[in-house]
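Asker: below: sequence and its predicted model.
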Amino acid sequence: MFGNIGTGEIILILLVVLILFGSKKIPELAQGLGKGIREFKKAMRDVEEEIKQEPDKIESKKEKPEEKN
């Protein structure tokens, strides 16, 4: 996942994040990130459902052609 990044580099990155944001801000950032991921997954599910329903709508239109007067 991280390629050539070792344990030492990951610890260094975490320390820099801790110094930049502080220990009180990190849980808030993680919570916001979690909410964002949840919303993204929900949007993906909604789009998938919509795509699955589209063929049904197209088939029903083929079965009932609209009459023009």
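Answerer: Noted; the coordinates are in hand. All figures in this text were calculated on a predicted structure; none of them were measured in a lab.
Asker: tell me the spacing between the spatially most central residue of the chain and P27.
Answerer: The centroid of the chain falls nearest to F40 when counting by C-alpha atoms, centre = their mean (2.9 Å). From F40 across to P27, the span is 20 Å (C-beta to C-beta, to the nearest Å). Where C-beta positions appear, they are placed from N, C-alpha and C, glycine not excepted.
Asker: K41 now?
Answerer: On the measure of C-beta to C-beta, K41 and P27 end up 21 Å apart.
Asker: pLDDT weak spots in the chain?
Answerer: 1-2, 58-59, 61-69 (pLDDT under 70).
Asker: try it again with 90
Answerer: Counting by pLDDT under 90, the chain shows low-confidence ranges at 1-5, 14, 17-18, 20-27, 29-30, 50-69.
Asker: which stretches of this structure form helices?
Answerer: Per DSSP state H, the chain carries helices over the ranges 7-21, 25-63.
Asker: tell me what angle the longest one forms with helix 7-21.
Answerer: Relative orientation of helix 25-63 with respect to helix 7-21: 100 degrees, computed using axes from the mean of the first three to the mean of the last three C-alpha atoms, to 10 degrees.
Asker: which helices and strands does helix 25-63 pack with?
Answerer: Using 3 or more C-beta pairs under 8 Å, 6 or more residues apart in numbering; DSSP states H and E as the contact test, the elements touching helix 25-63 are helix 7-21.
Asker: dump the C-alpha coordinates for the helix it packs on into PDB.
Answerer: The C-alpha trace of helix 7-21 is given here as PDB (Å, rounded to 0.1, in the frame of the first residue of the first chain):
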ATOM      1  CA  THR A   7       7.900   2.000   9.800                       C
ATOM      2  CA  GLY A   8      10.300   4.800  10.700                       C
ATOM      3  CA  GLU A   9       8.900   7.000   8.000                       C
ATOM      4  CA  ILE A  10       5.300   6.400   9.000                       C
ATOM      5  CA  ILE A  11       6.100   7.200  12.600                       C
ATOM      6  CA  LEU A  12       7.800  10.400  11.500                       C
ATOM      7  CA  ILE A  13       4.800  11.400   9.400                       C
ATOM      8  CA  LEU A  14       2.500  10.700  12.400                       C
ATOM      9  CA  LEU A  15       4.700  12.900  14.700                       C
ATOM     10  CA  VAL A  16       4.600  15.700  12.200                       C
ATOM     11  CA  VAL A  17       0.800  15.500  12.000                       C
ATOM     12  CA  LEU A  18       0.600  15.500  15.800                       C
ATOM     13  CA  ILE A  19       2.800  18.600  16.000                       C
ATOM     14  CA  LEU A  20       1.000  20.500  13.300                       C
ATOM     15  CA  PHE A  21      -2.600  19.800  14.500                       C
END
